[in-house]
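Q: Fold the following.
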Amino acid sequence: MGQVRVVVIGDLGSPTYHVGDEAMSLQAVDMLRARGISDIVVVADDPDLGRERYGCDAVPRVGFPGAVGPRGRERLEEVTASLSSGRRVPDAMAAVADADALVIAGGGNVSSQHPHHLYERLALSRAARHAGRPVLISSQTVGPLVLKDDRPYFSELLATATAVGVRERDSHKLASRVGVAEDRLTLTVDDAAWLEPGDDDRARVDALGLPGRIVTMSLTYHTGSASYPQAACVSRAAASSDALADRLDATVVLVPHFGLLAEGSPAVKDVETNEAVAAASSSGRVRAMPMADARTVVEIARRSLLVVTTRYHPTVFGPSNRVPAIAVSTSYYSSLRMRGSLAHVGLSHLVLPAEIWTPELVLDAVDEIEQRRDDIDRLFDRALPTSRGHSVHWWDAIVGCLHDGGRWTPVADVPWVPRLKEPSPLPEWRARSREALRISDGLTKGATQRLWVEKAARAAAEHELAQLRRNPLRARRHRG
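A: Residues are numbered from 1 along each chain as shown. Below is the predicted model:
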């Protein structure tokens, strides 16, 4: 087989830069290139940014604005019909039809919480299958929210894929339940765990003039489903930062994961939150960092003593570089992903519920990390070489499939790492955190379900009303 062309879709190429989403797509492209695949097309929000950031061709998304409810499903069926009707096919779907494979890069988009992403990926999957091309899905969180009306689409995307890689055990169970065959489903670690900074990235971090002892803190610009206002998040983060700076004799650097990347851009999203936290701190050892690209953020994590975060991907970047991470969960969705990520290094107990977040609770977790650092290092010694090797094997299998006419060679799950052995008796903070997280997960899972059911119902009602307005005869029948 000659030169292979691959289309890669991820959440990439947006003016508002998202570190974790770009990191997974960058790693997918890196892994393909390392195995001789140089003809790559990325599907991007902004194709010009896609070309600039990835150094390859780029096409715009199919686009599913306002995808909640019937409108998104109608749009999906409309673009699918174009594959065989002779009408113009969206550029992204045409690119897939002209390629040898579709790779769906890592993310948490196979969910009713992100219907526009779900339908986008399914549209491209249908284009690939229409052309007889393999569909390879890597590093996904599946669900956890799947509304009844979305379930057929959810199942179709996963069950018809050539291979599906998921990054948590919960996702593995859900993918199995919707029909993904055992020989096509693999538990992996998050692809972004192995994103490598280059010399330029290290030089950029050197130029920041960071002190020798730093703690990285990364915060969302919203509070998710947690039951407290954003002002409380800022005050808790500021107090926790001051406490960490004192306890560890370190500078806390606030590293944004979502914001505008261009130099001179206004402070928005995470950057704005970080500036508020730095202003509210009192230690003089808390520093808000500018928005940076994914490889630079990974390099900062590598140089840290500790990572503390309300975002997901720092729980990937820290431990994969032997840096412990304490995660503060603000929703069931966050909790599931954070617990899944930290479970790969045996540290899932370091996910704390936002509802009981205090500086004292964070310091309790820090104290345990400090006291058990030798045990944690042994966990890293065991887990990291194995999971890195598994990632290599996973991407070897993906590229092998491309060269073997779309035939998939099953890949075993990444070996499981037992949790750090619990002390006896269990410290009070651990018991309190565990119980609070159980309650928080239940409450926020239920709240999210209700919210999206209501959104879907409103969208369906609005769609029905628009249909009636367009069709007066139908409206009369409806009233009768």
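
Q: Residue ranges of each domain in this protein, please.
A: Domain ranges of the chain: 5-187, 199-371+422-441, per automatic domain parsing.

Q: Which among those is found nearest to Trp395?
A: For the domains of the chain, proximity to Trp395 was assessed by CB to CB; domain 5-187 is nearest, at 4.1 Å. Where you see a C-beta, it was placed from the backbone N, CA and C, and this is true even at glycine.

Q: List the buried residues in the lengthiest strand in the chain.
A: As assigned by DSSP state E, the longest strand anywhere in the chain is strand 135-142. Going by neighbour count (16 or more other CB atoms under 10 Å), the buried part of strand 135-142 is 135-142.

Q: Save the domains of the chain as TSV, and put in mean pLDDT too.
A: Below are the domains of the chain laid out as TSV (pLDDT from 0 to 100):
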stretch	mean pLDDT
domain 5-187	96
domain 199-371+422-441	96
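
Q: Tell me which of the ones you listed approaches Trp408 most closely.
A: Closest approach to Trp408 among these (CB to CB): domain 5-187, 5.1 Å.

Q: I'd like the distance between the residue most central in space within the chain and Asp11.
A: Among the residues of the chain, the one closest to the centroid is Gly107, at 4.1 Å (CA atoms, centre = their mean). Gly107 is 6 Å from Asp11, where distance means CB to CB, to the nearest Å.

Q: Direction included, what does the longest strand of the chain pair up with?
A: The sheet places strand 135-142 alongside strand 101-104 (parallel), strand 107-110 (parallel), strand 163-166 (parallel), with pairing taken from DSSP bridges.

Q: re the thing from before, pretty sure the residue nearest to the centre of the chain contacts Val142?
A: No. Counting by CB atoms under 8 Å, Gly107 does not reach Val142; the two are 10.6 Å apart.

Q: Report the contact partners of the spatially closest residue to Ala354 that is not a sequence neighbour.
A: If the residues on either side of it in the chain are set aside, Ala354 comes closest to Ala226, at 4.0 Å by CB to CB, 6 or more residues apart in numbering. Ala226 makes contacts with 233, 330-331, 354-355, 440, 444, as judged by CB atoms under 8 Å, 6 or more residues apart in numbering.

Q: Go through these and name the one nearest Pro290.
A: Nearest to Pro290 out of the contacts of Ala226 is Cys233 (CB to CB; 20.7 Å).

Q: The closest one falls within a helix, correct?
A: Yes. The assignment for Cys233, made by DSSP: H, G, I helix; E, B strand; the rest coil, places it in a helix.

Q: Looks like it contacts Met217 (just checking).
A: No. Using CB under 8 Å, Cys233 is not in contact with Met217, being 11.8 Å away.

Q: what's the neighbour count on Arg311?
A: Applying other CB atoms under 10 Å, we find 26 residues neighbouring Arg311.

Q: residues in contact with it?
A: By CB under 8 Å, 6+ apart, the contact set of Arg311 is 20, 218-220, 257, 270.

Q: one step back: now the domains of the chain in TSV, with distance to Ala412?
A: Below are the domains of the chain laid out as TSV (distance: least, CB to CB, whole Å):
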stretch	distance to Ala412
domain 5-187	7
domain 199-371+422-441	15
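
Q: do you know which of these lies nearest Ala461?
A: Nearest to Ala461 among the domains of the chain is domain 5-187 (8.7 Å), distances taken as CB to CB.

Q: What segments of the stretch 251-400 of the chain are strands?
A: 251-254, 258-260, 286-288, 306-309, 325-329, 351-353 (DSSP state E, counting those that start in this stretch).

Q: mind checking which of the ones you listed is nearest Pro60?
A: strand 258-260 (20.2 Å).

Q: Can you add distance to Thr309 and neighbour count and give the contacts of Ala226 back as TSV?
A: Putting the contacts of Ala226 into TSV (distance: CB to CB, whole Å; neighbours: other CB atoms under 10 Å) gives the following:
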residue	distance to Thr309	neighbour count
Cys233	12	25
Thr330	11	27
Ser331	14	24
Ala354	12	27
Glu355	17	17
Ser440	17	24
Thr444	17	24
